[in-house]
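Enquirer: I would like the atomic coordinates for the input below:
(4 chains)
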Protein chains: 2
Amino acid sequence: MKVGKGVEWTAHSCALLALLPSGALLSGEALAEFIGVPSPYLAKQMQALSRVGIVLSKPGVAGGYRLARDADEISLWDITSAVEGTAPSFRCTEVRRQGPCGALASECARPCAIAAEFQKAETVYREALDAISLTSVVANIAEDAPLARKRRITAWINTTATKR
Amino acid sequence: MKVGKGVEWTAHSCALLALLPSGALLSGEALAEFIGVPSPYLAKQMQALSRVGIVLSKPGVAGGYRLARDADEISLWDITSAVEGTAPSFRCTEVRRQGPCGALASECARPCAIAAEFQKAETVYREALDAISLTSVVANIAEDAPLARKRRITAWINTTATKR
DNA sequence: ATATTGCGGATATTATATATCCGTAATAGA
DNA sequence: TCTATTACGGATATATAATATCCGCAATAT
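Expert: Numbers count the residues shown, from 1 in each chain, chains lettered A, B, ... in the order given. Next up, the predicted model:
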């Protein structure tokens, strides 16, 4: 079971956007530089965040991204689902219908018991991610960073971000 | 995020093995026929269950598989981890070390905050799967199946399974 | 006007999942 | 002892998905 890199990259991007002064923007290029990943691909993932309204984008010369709402109101599940979608990780192929003792369609009104258990487990996973706000992620990151690094980041933002 | 088909197939295989009379065996070929999947591939997945001791295998003429322990003591996580391994689904690439404001190695003693949250979420997922025993899965399947189908399954087992 | 930036679609490339095959060892039964 | 059957491990092929890039278009500030 795997989570794509797009989730990691957009999560870090959002954590950075959360540090921007109100109304400031960072371009996709700048985000990619900050987290050290290929810019065209990150741009593609950011589009997914934009489509579902996690970030707002502005095209043009001084354009870029900013969070569309307060970091308190953005969860890791919001980001994950935007990038990867909401399809169940366990893909039931209706094995119970196959083979010499396969069930009839009429016996399959309820979802397959095995698939149902995986679905339940995935729901608790999603709820766990949904309980984590971007705010708390940013706080935890800040806790690990020494003052010097926080200053470097602030300075970099000041020279890189553009005002609306 | 995806779970491989091997998990679905081996889970159904185990649910079938749980119905065997004590000491009886089903060959990989028979399992594949029952659940309607390609036999060589299922065989490969069953080897993973055999390696970690979820099932016991016997080579040779009247060989096959049976559960290695009581169905109460086998969880969906046992099966999933045997087939897919235990690597974290969120693969942290240490983004925080990259870019113009990258953290120093000395600042990365603790795991990245983002990766840590995904790890926590995955832990609750695994615990949820680990709380589901093969016994309860079999019970739920039986609940959905009408008597006629249960009888067909019993009859098929009687003609197909071999005694130790 | 022009340069910059995000968007969507199309495409290339790489990695992973899916599926098969083969030689070997073990076992039951003739 | 010989033969047929079955599981095992490794190697390999194929299909599918993830990763990465590119291009034309629209929007925007200067």
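
Enquirer: pLDDT value on A:R164, please?
Expert: Looking at A:R164, its pLDDT reads 63.

Enquirer: buried residues in the helix or strand A:P40 falls within?
Expert: Assigned by DSSP states H and E, A:P40 belongs to helix A:39-51. Burial within helix A:39-51, assessed by neighbour count using 16 or more other CB atoms under 10 Å in any protein chain shown, is assigned to A:L42, A:Q45, A:M46, A:A48, A:L49. Backbone N, C-alpha and C define where each C-beta goes, glycine included.

Enquirer: Assess the claim that the first one and A:A30 are in contact.
Expert: In this case it means A:L42. No: the criterion here is CB atoms under 8 Å, and A:L42 misses it with A:A30 at 10.4 Å.

Enquirer: and the residue nearest the centre of chain A, what does it touch?
Expert: Centroid check for chain A by CA atoms, centre = their mean gives A:I79 as the closest residue, at 2.2 Å. Shown in contact with A:I79 (CB atoms under 8 Å, 6 or more residues apart in numbering or on different chains): A:V7, A:T10, A:A11, A:C14, A:L49, A:I54, A:L134.

Enquirer: A:S81 too?
Expert: Contacts of A:S81 (CB under 8 Å, 6+ apart): A:V52, A:R126.

Enquirer: Toward the C-terminus, what is the element adjacent to the helix or strand it falls within?
Expert: Here A:S81 sits within helix A:76-84, counting by DSSP H and E. Next helix or strand after helix A:76-84 toward the C-terminus (DSSP H and E): helix A:113-130.

Enquirer: Could you pull out the buried residues of that next one?
Expert: Buried positions in helix A:113-130, judged by neighbour count with 16+ other CB under 10 Å: A:A113, A:I114, A:A115, A:A116, A:E117, A:F118, A:A121, A:E122, A:Y125, A:R126, A:A128, A:L129.

Enquirer: from the residues you listed, which single one is nearest A:S75?
Expert: A:L129 (6.5 Å; CB to CB).

Enquirer: picking that back up, off-centre distance for the helix holding A:P40?
Expert: Helix A:39-51 sits 11 Å away from the centroid of its parent chain (CA atoms, centre = their mean, to the nearest Å).

Enquirer: hmm, that helix touching chain B?
Expert: No: using CB under 8 Å from any CB of the partner chain, helix A:39-51 never reaches chain B; the gap is at least 10.8 Å.

Enquirer: Sketch out the low-pLDDT regions of chain A for me.
Expert: Chain A contains residues with pLDDT under 70 at A:164.

Enquirer: Recalculate using a threshold of 80.
Expert: A:1, A:163-164 (pLDDT under 80).

Enquirer: re the thing from before, hmm, the helix holding A:P40 in reach of DNA strand C?
Expert: Yes: shown here: helix A:39-51 in contact with DNA strand C (CB under 7 Å from any atom of the strand) through A:A43, A:K44, A:M46, A:Q47, A:S50, A:R51.

Enquirer: contacts with chain B among the buried residues of helix A:113-130, please.
Expert: Within the buried residues of helix A:113-130, those near chain B by CB under 8 Å from any CB are A:A113, A:I114, A:A115, A:A116, A:E117, A:F118, A:A121, A:E122, A:Y125, A:R126, A:A128, A:L129.

Enquirer: Many thanks, I have nothing further to ask.
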